[in-house]
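A.B. asks: model the following, please.
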Amino acid sequence: MVDPAADALSLPEDWPAHPDLSLSLNRMGSFDWDLDAGLMHMDQAALDVFQVDATEYDGRPESLAPRVPPTEAIRLDGMVTQALKNGSSHYGAYFRIRDRKGNLRWTHTQGFIRRDGSGRPRRIIGIVRDATQELTESTARFEVDAERRRQTSVVEATTAALAHARTVKDVIDVLKDSHGLEHLGATSLVMGLLEAGRIHLVADGPEGSFVPGTRYTRVDEQYPMSEVVRTLAPRYIESPEDFAASYPILWPHISGLGITSAAYLPLIAQARPIGALGLLYSDKYGFSAEDRNVLVALGSSIAQSLQRAMLFEQEHDLAEGLQQAMLPRRIPHVPGAQIAVRYRSARLGRDIGGDWYDIIPLPGGRVGAVIGDVQGHDTHAAAVMGQLRIVLRAYAAEGHTPATVMARASVFLHELDTERFATCTYLEADLATGVVQIVRAGHVDPLLRDTDGSCRRVPVQGGLPLGLSAEFGRLEYPVSILELDPGQALLLYTDGLIEEPGADLDDGMQWLTALVRSGPSDLQLLADHLCDVVDERGGDDDVAVLLLRRRGGYTPQAGGRLQQHVAQNDPEALRSARHMIGAAVRAWSAAGRADEIELVADELITNALLHTDGGAIVTLRMPAGHERRLRVEVEDRSSVLPRRRDAGMSGVSGRGLLLVDRLADVWGVESRGSGKCVWCEFAVGERQGITRSPVPPEARPT
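C.D. replies: Below you'll find the predicted structure:
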């Protein structure tokens, strides 16, 4: 039935079109392949797809072989054979053929397999068509999608790499990495940071491309980075001609670099410009919309990373500056000693720690040395460190014993409005005698390097860290005595030098001992060597190092002093005091009277411990004057003066002061605000002509 509406439209006579016409117009042909006879009928449209004349085709598939490359023929035959064997009714495939000019073109075939009642294939009826345009468009879409994926991957990869950049240099290194530039498609880059109204060039492109006079440029000058900072809009330079016309001042200097295009991006963070980035290309002309979108996204990511890096550097510089201000500005010259100090802040992480060192000149040729570490890695730790360093220095300068210095510093830290504690080692060295009194508060043991280069750990009795000892009421800090020979050196350090994540502290100590043993003999070079190793190893903790060597041939001046606290029921402290006295006698050229001095000093100490309730403070010093004398003082808390009495023939006590009176050149007793001091003096020059000085009546015991 004819549709009246269609009839009214005066449709063409050949409407609807015959299937053969539809196939032909769409460059599709048909074939009928008789498998038993081996003949394949192809209509004219099918022959046109293969660009074969009807006179050239004999009805056999082999006649098409010159048009089908061997590899394609093998693949196509295998696919058809597989379909015939596995019972399939349809197959389809894309394959390439050669046209008359030898060019490859994509073709598509699709066939229906007719079988008999037993399932045996008899005929294949199908179509063949030109697929060049189809696959070209599909490939183009695939390439566009692949390019978009690549561009997205570039942004994601660059953003991920920038996430680990902590400094501006790190950001530049990420961007200038060869793979990074390769992915961006750029030959090189330039970058400038906005500083006080000027653009500071921090990355200057390829080798030899720096233009003199452009390290700092004004924002109002005719340069591409200045323009994007002024306008806050990207500038895409799409050809060398565009570059030369737009920036005539800059182009003559870079025209020989082979630059074909460039993209300059403003780096904007928190709605304000912080700099500009330029990407230079040597084989690119123009920028697509996708290119521009990717570059804008990349610029935003770079700007955020730069701002983070700049803030990091500012905060780190502030914290490090605070700590450097808290550390001694210079190390004083100490006669009789060679000293080297170093400090290295952690390079992993923003904050610095509370590590510190100090050298404190003391009267009588003595020197105090401090190494310490306040808990934490921030500016608060540095501030607490500064206060603690000043307090320790003040207590030591007041003349307190090392144990008292440490105890008072602990009380001070406990009373501060802070929850931080600190580890610390304080030593007081008499450079004439070599006697070193060491006190340790939760800190690592020092090392001793001998004159032959050997190195060993020095075990030092310790107390609780500063702050904690006051909190728990355990302010006793035992004093260890060490005799330092000329040429020997002590190494004090913080735990950042030996600690590594997952490593045992003893292993770190052995590693450091071996490092010191094999290091240079000069202390300055040795300190540099230790710091170089720390820099190479990295780490997340600060490091402070203090090296002190006793020089040989040092003679004390008048006023030299050693002091030791001896507690009751503390044999170790008494033994240390005797050791100190013996060392002082040898160092102060008093060996001729060593037995007398040691015997009298031991008697005075014993009397103080037996007849008083508290301990005793033993002091040895060289008073000023024309005559070299060694003075021994024993101070206790009792105000009861000693009394000289006759012990009798069978008495076991009472001879102590008689012994002191006979052996010492002069002796006496002085009242102190919290007790008394029994003292005696020995002339340690030539004995001839020396007469014993009379004891003042007010100081003579009854």
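
A.B. asks: name the element the closest residue to Gly496 other than its chain neighbours belongs to?
C.D. replies: Setting aside the residues directly before and after it, Gly496 is nearest to Asp541 in space (C-beta to C-beta, 6 or more residues apart in numbering), at 3.5 Å. The C-beta positions use only the backbone N, C-alpha and C, and glycine is treated the same way. Assigned by DSSP states H and E, Asp541 falls within no helix or strand.

A.B. asks: same question for Gly29.
C.D. replies: strand 28-34.

A.B. asks: ok so, going back, measure the residue nearest to Gly496 to Arg344 for me?
C.D. replies: Asp541 sits 10 Å away from Arg344 when distances are taken as C-beta to C-beta, to the nearest Å.

A.B. asks: go on, Gly336?
C.D. replies: When Gly336 is compared with Arg344 (using C-beta to C-beta), they lie 28 Å apart.

A.B. asks: do the same with Asp43
C.D. replies: 86 Å.

A.B. asks: I'd like the average pLDDT over stretch 595-613.
C.D. replies: Confidence for stretch 595-613, expressed as mean pLDDT, is 87.

A.B. asks: equivalent analysis for stretch 451-460, please.
C.D. replies: Here the average pLDDT along stretch 451-460 is 93.

A.B. asks: how near is Glu72 to Phe95?
C.D. replies: On the measure of C-beta to C-beta, Glu72 and Phe95 end up 5 Å apart.

A.B. asks: same check on Tyr216?
C.D. replies: Distance, Tyr216 to Phe95, by C-beta to C-beta: 64 Å.

A.B. asks: the more surrounded of these two?
C.D. replies: Comparing Tyr216 with Phe95 by other C-beta atoms under 10 Å, the one with more neighbours is Phe95, at 18 against 12.

A.B. asks: shouldn't that one be in contact with Ile74?
C.D. replies: No. Look at Phe95 against Ile74 with C-beta atoms under 8 Å: they stay out of range, at 10.4 Å.

A.B. asks: now do the contacts for Arg105.
C.D. replies: Arg105 makes contacts with 96-99, 130, 132, as judged by C-beta atoms under 8 Å, 6 or more residues apart in numbering.

A.B. asks: what about Asp452, how many residues nearby?
C.D. replies: 9.

A.B. asks: which SS class is it?
C.D. replies: coil (DSSP: H, G, I helix; E, B strand; the rest coil).

A.B. asks: and the next helix or strand past whichever strand in the chain runs longest?
C.D. replies: In the chain, taking DSSP state E as the definition, the longest strand is strand 104-115. The helix or strand immediately downstream of strand 104-115 is strand 121-130, counting by DSSP H and E.

A.B. asks: kindly export that following strand (C-alpha atoms) in CSV.
C.D. replies: This file holds the C-alpha atoms of strand 121-130, laid out as CSV (Å, rounded to 0.1, in the frame of the first residue of the first chain):
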residue,chain,number,x,y,z
PRO,A,121,30.5,-25.1,6.4
ARG,A,122,29.4,-24.6,2.8
ARG,A,123,29.4,-20.9,2.0
ILE,A,124,30.4,-17.6,3.5
ILE,A,125,28.3,-14.6,2.5
GLY,A,126,29.6,-11.3,3.7
ILE,A,127,30.6,-7.7,3.1
VAL,A,128,33.8,-5.8,2.8
ARG,A,129,34.3,-2.1,3.2
ASP,A,130,36.8,0.7,3.4
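
A.B. asks: now the angle from it to strand 104-115?
C.D. replies: Interaxial angle, strand 121-130 versus strand 104-115 (axes from the mean of the first three to the mean of the last three C-alpha atoms, to 10 degrees): 150 degrees.

A.B. asks: strand 121-130 pairs with which strands?
C.D. replies: strand 28-34 (antiparallel), strand 104-115 (antiparallel) (DSSP bridges).

A.B. asks: gap between the strand holding Gly29 and the chain center?
C.D. replies: Between the centre of strand 28-34 and the centre of its chain there are 74 Å (C-alpha atoms, centre = their mean, to the nearest Å).

A.B. asks: got it, and stretch 83-100?
C.D. replies: So, by C-alpha atoms, centre = their mean, the centroid of stretch 83-100 is 63 Å from its chain's centroid.

A.B. asks: swap in stretch 63-79?
C.D. replies: 64 Å.

A.B. asks: kindly report the same for stretch 231-241.
C.D. replies: Relative to its chain's centre, stretch 231-241 lies at 39 Å (C-alpha atoms, centre = their mean).

A.B. asks: for stretch 335-349, same thing?
C.D. replies: 18 Å.

A.B. asks: and for stretch 482-492?
C.D. replies: 32 Å.

A.B. asks: quick one: buried residues of it?
C.D. replies: By neighbour count on 16 or more other C-beta atoms under 10 Å, the buried set for stretch 482-492 is 482-484, 488-492.

A.B. asks: before we move on, what about stretch 189-202?
C.D. replies: 189-194, 198-199, 201-202.

A.B. asks: can you check stretch 541-557 too?
C.D. replies: Quick answer for stretch 541-557 (16+ other C-beta under 10 Å): 541-550, 554, 556.

A.B. asks: okay, now Val660: neighbour count?
C.D. replies: Applying other C-beta under 10 Å, I find that Val660 has 23 neighbouring residues.

A.B. asks: does anything pack onto the one helix or strand it maps to? Which helices or strands?
C.D. replies: Using DSSP H and E, Val660 falls within helix 656-663. Helix 656-663 is packed against helix 594-611, with contacts defined by 3 or more C-beta pairs under 8 Å, 6 or more residues apart in numbering; DSSP states H and E.
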